[in-house]
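**Q** dropping the sequence and predicted coords here.
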Amino acid sequence: MNRRGRRAQEIRDALDGGELRVAYQPVVELHGGQLTGLEALLRWQHPDRGLMMPNEILPVAESTGLILGIGEWVLTQACRDLQQWRQLYGSAIPHVTVNVSPFRVMASGFQTTVERVLQMTRTDPADIFLEVTESTLLEDGPRANSVLQQIKDLGVGLILDDFGTGYSSLNYLRRFPFDLLKIDRAFTKSLESDESTRKIVAGTIDLAHVLELEVVVEGVETARQLTQVIDLGTDRAQGYYLCPPLPADQIKQRILETAAETGPIRFPLPERATGN
């Protein structure tokens with residue numbers, strides 16, 4: 001068995017053996033610092049190599065079809081975790097976002113799988129957002145649009161992820177049924193040093209708002225970047241400066257430490273962002 005085959009078998013064993021994990025990163029509203037949701041992120045707790053990131057899992061999983069089982073597992077786990085948090089904290093966590101591989105979106109029965117998981121976990125579709133990358137739309141635009149509209153009809157929210165990383169077309173924002181646009185971390189990283197990047201991000205935010213889409217900027221790692229994305233009119237942000245991805249049990253701890261007994265969870269923002 002070659003290296004790729006061995007890795008595929010390891011991933012299959014990880015899925016069957018309970019080695020996969022979900023970490024969650026908060027998404028923060030920038031007009032007051034309120035938590036608006038959590039993004040579910042795949043992790044692999046390897047018995048020998050420790051915690052492994054998605055880039056060590058997804059390429060092989062997608063090429064072998066294992067992504068179908070992994071994707072369903074992540075969605076199911078995210079829904080179950082959300083239901084547990086809801087029982088403890090009510091609506092303190094408004095929704096959970098789950099990334100969806102292009103392979104999964106285009107595979108037969110995707111809409112049926114999503115509907116089945118929601119029913120099985122008794123999750124309100126409005127509590128779940130699915131993130132798809134723009135590469136999904138390039139493979140077969142009409143089919144992708146049809147599938148995404150089916151998901152939208154279930155009541156699930158849709159986010160266009162990694163916007164601007166390669167073959168972006170602003171036409172996507174008009175043609176497809178998205179609720180939010182996520183600007184890739186590559187742009188966030190360049191905000192402090194590149195004026196043209198700031199203009200591109202500002203223009204994208206303005207256009208998204210014209211189309212009644214909210215904007216999330218990812219990869220915020222410094223106070224300066226946070227201030228810049230606020231000044232550009234971004235609606236929401238996520239990144240290590242606000243909070244790193246955390247295991248589900250640490251999300252509970254963060255909620256207990258941060259939230260008032262009743263009321264929303266808030267993250268500290270620059271004073272001018274909160275109107276003070």
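**A** Happy to help now that I have it.

**Q** and residue 64, how far is that from residue 4?
**A** 8 Å (CB to CB, to the nearest Å). (Each C-beta comes from the backbone N, C-alpha and C, glycine too.)

**Q** these two: which is more packed in?
**A** Each of residue 64 and residue 4 has its neighbours counted (other CB atoms under 10 Å); residue 64 has more, 16 against 12.

**Q** now the more buried one: how far from residue 203?
**A** 40 Å.

**Q** swap in residue 24?
**A** 31 Å.

**Q** longest strand in this protein, please.
**A** strand 35-46 (DSSP state E).

**Q** quick one: the helices in the protein?
**A** Applying DSSP state H to the chain gives helices spanning 3-17, 58-64, 67-89, 102-106, 110-121, 134-139, 141-154, 171-175, 185-190, 195-210, 223-231, 248-258.

**Q** output the longest strand of the chain as CSV, nothing but the C-alphas.
**A** Provided in CSV are the C-alpha atoms of strand 35-46 (Å, rounded to 0.1, in the frame of the first residue of the first chain):
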residue,chain,number,x,y,z
LEU,A,35,-21.1,36.6,19.7
THR,A,36,-23.1,35.8,16.6
GLY,A,37,-22.0,32.2,16.0
LEU,A,38,-19.3,29.5,16.1
GLU,A,39,-17.5,28.0,13.2
ALA,A,40,-17.0,24.2,13.4
LEU,A,41,-13.5,23.2,12.5
LEU,A,42,-12.3,19.6,11.9
ARG,A,43,-9.4,18.2,13.9
TRP,A,44,-7.8,14.8,14.2
GLN,A,45,-6.5,13.6,17.5
HIS,A,46,-3.9,11.2,16.2
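
**Q** quick one: it to helix 67-89, angle?
**A** Comparing the axes of strand 35-46 and helix 67-89 via axes from the mean of the first three to the mean of the last three CA atoms, to 10 degrees yields an angle of 130 degrees.

**Q** quick one: closest of the helices of the chain to residue 44.
**A** helix 3-17 (5.6 Å; CB to CB).

**Q** buried residues in that closest one?
**A** Going by neighbour count (16 or more other CB atoms under 10 Å), the buried part of helix 3-17 is 7, 8, 10, 11, 14, 15.

**Q** and residue 155, how far is that from residue 126?
**A** For residue 155 relative to residue 126 (CB to CB), the value is 5 Å.

**Q** oh, I was asking about residue 244
**A** 27 Å.

**Q** which of the buried residues of helix 3-17 scores worst on pLDDT?
**A** Within the buried residues of helix 3-17, pLDDT reaches its minimum at residue 7, with 81.
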